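Engineer: 3D model of this:
(one chain, ligands or ions: 2)
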Amino acid sequence: VIIPVGKTRFHKQMYFSFSPLPHMKIAGVTGSGKSAFMQYLMYYMCSHESSDKLSFIIIDLKGGATFSHFATLPHVLGLYADIDEAEAALGLAHEEMNKRLQVIRTRRAEFKIIPAFPRLVVITDEGGEMSPELAVDKEDAKQRKRIYKHLSSIARIGRESRVNLVYGTQQPNAQTLPTNIRGQLEATFCFRVENEIDSEIVLRHKGAERLPRIPGRCLYKSPMIGEVEIQTPYVAPDILERFITTYPLSTRFTNKQDSVSGGSSSKSIIDFTEFMES
Ligand SMILES: Nc1ncnc2c1ncn2[C@@H]1O[C@H](COP(=O)(O)OP(=O)(O)O)[C@@H](O)[C@H]1O
Ligand SMILES: [Mg+2]
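Structural biologist: Ligands and ions are numbered 1, 2, ... in the order given. Okay, here's the model as predicted:
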């Protein structure tokens, strides 16, 4: 899917696709439009791709409220709202990625066609909430390190297996965006940030601290397009609600209904093997 991601001041439409650039970072202060942009991405992708070709894992440690209405979409494998759930979800994504890589290796060795795996997009709304610097004790610190290991593996080798990362943070720094991950999140959407230092971390130069205080205004940077200031699209809540509530419910994920009605739960383990067969 080629996603229109916003317009320049000269009304030029800019686009983004996960296939050349598998991972994305989204930075900006509270209220700058990060979550709305992620919701738009999901809305756009889900309305253009069926759930057997595209799915999402959503990690939202701010209580999960921002994305809760998305949970009923068949594309959404799970909504994970605390640190234990986040670890479990990233572990699943990591495992799925390894399985796919194994398939790729075997097929390649046998000169067989490599399957076009369904895209699996891992969205972390406030990735900084998982940061090791927020650890309250040793165990917590260890868990947070494991989480960042998963993130870094996905960022490093997710491309071929079509496991993609959308990483949002309001507080860009060496803990929330460690260099090994930052470098892999090649597509950058930098909304207004607090100060020059934050801008440097995200964009490698100053300037994003001076963006106007208009939600949705950001600097879009990628190796494909260079850098450009855009205004991102916005899906009004009523349109989003109508889209989600009228979306034909899939019966593919049979254990999904329980996990939705029972709230987000790490027990809602998805049978990823379905992917392998399709
Ligand atoms: N692209 C946009 N165009 C217009 N309004 C927007 C846009 N993005 C966000 N907003 C408005 O700004 C508010 C805050 O955006 P949000 O995405 O929650 O910010 P963040 O996640 O960065 O804290 C939204 O509730 C919405 O009303
Ligand atoms: Mg937000």
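Engineer: contacts, neighbours, all on C-alpha from now
Structural biologist: Noted.
Engineer: Helices of the protein, residue ranges please.
Structural biologist: Secondary structure of the chain (DSSP state H): helices at 34-48, 83-109, 138-161, 179-182, 196-203, 237-245, 256-261, 273-277.
Engineer: Redo the ones you listed as JSON lines? Include mean neighbour count and distance to ligand 1.
Structural biologist: Converted to JSON lines, those look like this (neighbours: other Cα atoms under 10 Å; distance: least, Cα to the nearest ligand atom, whole Å):
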{"stretch": "helix 34-48", "mean neighbour count": "19", "distance to ligand 1": "4"}
{"stretch": "helix 83-109", "mean neighbour count": "18", "distance to ligand 1": "19"}
{"stretch": "helix 138-161", "mean neighbour count": "19", "distance to ligand 1": "20"}
{"stretch": "helix 179-182", "mean neighbour count": "18", "distance to ligand 1": "19"}
{"stretch": "helix 196-203", "mean neighbour count": "20", "distance to ligand 1": "15"}
{"stretch": "helix 237-245", "mean neighbour count": "13", "distance to ligand 1": "9"}
{"stretch": "helix 256-261", "mean neighbour count": "16", "distance to ligand 1": "23"}
{"stretch": "helix 273-277", "mean neighbour count": "12", "distance to ligand 1": "31"}
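Engineer: how about these in TSV, adding mean pLDDT?
Structural biologist: Output for these, formatted as TSV (pLDDT from 0 to 100):
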stretch	mean pLDDT
helix 34-48	97
helix 83-109	96
helix 138-161	96
helix 179-182	94
helix 196-203	97
helix 237-245	93
helix 256-261	36
helix 273-277	45
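Engineer: would you list these in a markdown table and tack on distance to residue 118?
Structural biologist: Listed next are the helices of the chain as a markdown table, based on distance: least, Cα to Cα, whole Å:
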| stretch | distance to residue 118 |
| --- | --- |
| helix 34-48 | 13 |
| helix 83-109 | 10 |
| helix 138-161 | 9 |
| helix 179-182 | 23 |
| helix 196-203 | 29 |
| helix 237-245 | 21 |
| helix 256-261 | 18 |
| helix 273-277 | 7 |
